[in-house]
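[1] mind looking at a prediction? Sequence and model below.
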Amino acid sequence: MEKKVAVVAIGGNSLIKDNAHQSCQDQYLAAKETAKHIVDMIEAGWEVVIGHGNGPQVGFILQKAEIAEKQAGLSMAPLDVCGAQSQGQIGYMLVQNLQNELKTRGINKPVACVLEQTIVDKNDPAFQHPTKPIGGFMTEEEANIKAESDGWTVVEDAGRGWRRVVASPLPMEIVELDAIKALIQAGIVTISIGGGGIPVIKNEDGSLEGVSAVIDKDFGNSLLARKINADLLLISTAVEKVAINYGTPEQKWLDKMTLDEAKAYLKEGKHFKSGSMAPKIQACIWFLEAGGKQALITNPENIGRALRGETGTMITAA
């Protein structure tokens, strides 16, 4: 029987329930819950590749580094290295919890985490107009110093202070794609595309170089789903279903959408916010336009029900 392959994208925020549960132990327990839902998919016959967000985790890494720089004079790691650290941290939590859950259910299936680099175009317009805020807040004086000494782009953030902003370029290539394909073919549960991937550029001689940028994790997982010809792109988020006219008296929850409907809703510009649902819808659109069979958006606890058609929002080519 031919394998059914799903790319499952989970948000970095899904590992942090609220402000009172941000510790590593809290995130580990959240990963444990997520692992149960993913193993449900494996029991149902899916081969899964798991991508994850890392926004909050990279934020914590940066803020700790900022404190260490101020108090102990320790130099901060570049943003690409911070992304790699978060891939290892989150990957470890997911790998161990998946291993434990698979063992509990008597399923003999290995799990692996691939540290993954994503190539972006060094001429992407995003590098000329950085918009993604990262790290902690600074005074205007501190911000000006970092702008001059380290070349940071800094902006005032709604009266709360000054923050560094970086580019969010589109993902172009997955460096470790062949390794990921080999793991899938071998039946290994694979975690990769953490935070959209560690952003790198390819130099003229073919060498790779890390850059200070943030890749949208849904865009990164959509690219992976296209490159491996996945049967399903599943985006796990904070809501059970997608809604149009969200937060208004005309709000309507959607059980299903066609590709054309998704494109029309996105084009209207009023239904999906740029920082939340819009990139998820765009990621699904790109996947389906490239020949993907179906995309599904739901929250972690409803993955099983959504795959049975009982909830979630399914997006299909027609």
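    Structure's in. What do you need?
[2] any stretches of the stretch 151-300 of the chain with poor pLDDT?
    Across the stretch 151-300 of the chain, nothing is flagged by pLDDT under 70.
[3] quick one: the helices in it?
    Under the criterion DSSP state H, counting those that start in this stretch, the stretch 151-300 of the chain contains helices at 177-185, 217-227, 259-268, 277-289.
[4] sort out which residues of the first one are buried, please.
    By neighbour count with 16 or more other CB atoms under 10 Å, helix 177-185 contains the buried residues L177, A179, I180, K181, L183, I184. No exception for glycine: its C-beta is placed from N, CA and C like everyone else's.
[5] rewinding a little: for E43, which of the helices of the stretch 151-300 of the chain is the nearest?
    Shortest separation from E43 across the helices of the stretch 151-300 of the chain is recorded for helix 177-185, at 17.5 Å, computed as CB to CB.
[6] neighbouring contacts of the closest one?
    Helix 177-185 has contacts (CB atoms under 8 Å, 6 or more residues apart in numbering) with 3, 5, 47, 49, 112, 114, 116, 174, 190, 192, 224, 227-228.
[7] buried ones among those?
    V5, E47, V49, V114, E116, I174, T190, S192, L224, I228.
[8] phi, psi for the fifth one please.
    Pointing back at E116 there. With angles defined as degrees, to the nearest 10, E116 sits at phi -120, psi 140.
[9] that one against T190, yeah?
    No: under the criterion of CB atoms under 8 Å, E116 makes no contact with T190, lying 9.9 Å away.
[10] circling back: kindly reformat the buried residues of helix 177-185 as CSV containing distance to E142.
    As requested, these are exported to CSV (distance: CB to CB, whole Å):
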residue, distance to E142
L177, 41
A179, 41
I180, 41
K181, 46
L183, 44
I184, 46
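[11] out of those, which comes closest to N54?
    I180 (17.7 Å).
[12] which of the contacts of helix 177-185 fall within strands?
    V5, E47, V49, A112, I174, T190, S192 (DSSP state E).
[13] farthest-separated two in the residues you listed?
    Taking CB to CB, no two of those sit farther apart than E47 and I174, at 17.3 Å.
[14] excluding chain neighbours, what is closest to N97?
    A35 (3.8 Å; CB to CB, 6 or more residues apart in numbering).
[15] just confirm that neighbour contacts T104, I think it does.
    No: contact between A35 and T104 fails when scored by CB under 8 Å: they sit 10.1 Å apart.
[16] so for these two, which residue has more residues nearby?
    The residue with more neighbours, out of A35 and T104, is A35; 24 against 10, by other CB atoms under 10 Å.
[17] three-state assignment of the residue nearest to N97?
    The assignment at A35 comes out as helix when based on DSSP: H, G, I helix; E, B strand; the rest coil.
[18] how about it, what does it touch?
    L94, N97, L98, N100, E101 are the contacts of A35 under CB under 8 Å, 6+ apart.
[19] recalculate using a threshold of 6 Å.
    A35 is in contact with N97, L98, E101, counting by CB atoms under 6 Å, 6 or more residues apart in numbering.
[20] and those residues, which is closest to A318?
    Nearest to A318 among the contacts of A35, counting by CB to CB, is L98 at 34.4 Å.
[21] that'll do, ta.
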